[in-house]
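A.B. asks: Here is a sequence with its predicted model. Questions after.
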Amino acid sequence: TYTEALIHHAKGRPVLQCCRSFGRVPFLKTAFPGTHILLWRDPISQWLSYQINDYFDITSLSILNAINPPEVIRLLRYNIGLNEVRAENFYEEYSALLKFPMDSKQRYQIFFALWLYHMIHNFPLCDMDLNVDQLTQDPEYTEYKKDEVNKLGISAVNITQCMMPATVLSKT
């Protein structure tokens, strides 16, 4: 209903940017047949951007805690030792998941598994993809993707202005 209202009340061509559309793309593509572009970042940069507080790690655990998850999610839950957490409401489950001990290796393992699962499932469903890190750093990639965007009939969007902070990793 919310997405439908956004589209219905848009002034001009509606453009929706859906963050965290994990598992929602098949529904969105069926319900709203438009042009679907997958925006993505390299996994390390994306994971580092999540490290501002506990929210993203606990949300990832909530995905692992799903009732009747896909097999890969169930195996990951088993691998990290997360027993199902069931409570009266989401707030209580979230509070219980906050107490689950994880080191950075486990946090990244969970993130990367979900990131990869998302990429495997969403790439084939979208009309094109845009790696925003590569748009920032590679003019040839940007020109190629600009042509691809134009071929989809999207002429009012200038992707050449995409700028993401670059992640620089040293040995330390």
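C.D. replies: Yep, that arrived.
A.B. asks: Quick check: next helix or strand after the helix ranked longest in the chain?
C.D. replies: The helix that spans the most residues within the chain, counting by DSSP state H, is helix 104-122. Downstream of helix 104-122, the next assigned helix or strand under DSSP states H and E is strand 128-131.
A.B. asks: Listing partners with orientation, what would you give for that following strand?
C.D. replies: Applying DSSP bridges to the sheet, strand 128-131 is found paired with strand 37-40 (parallel).
A.B. asks: ok so, going back, show me what counts as buried in the longest helix of the chain.
C.D. replies: 106, 107, 108, 110, 111, 113, 114, 115, 117, 118, 122 (16 or more other CB atoms under 10 Å). C-beta: built from backbone N, CA, C; applies to glycine.
A.B. asks: Give me the mean pLDDT for that helix.
C.D. replies: For helix 104-122, the mean pLDDT works out to 92.
A.B. asks: same deal with stretch 68-88?
C.D. replies: Rounded mean pLDDT across stretch 68-88 is 93.
A.B. asks: And stretch 8-18, by the same measure?
C.D. replies: The model assigns stretch 8-18 a mean pLDDT of 85.
A.B. asks: ditto for stretch 39-49
C.D. replies: Mean per-residue pLDDT for stretch 39-49: 89.
A.B. asks: Which of the buried residues of helix 104-122 sits closest to residue 149?
C.D. replies: residue 122 (17.8 Å; CB to CB).
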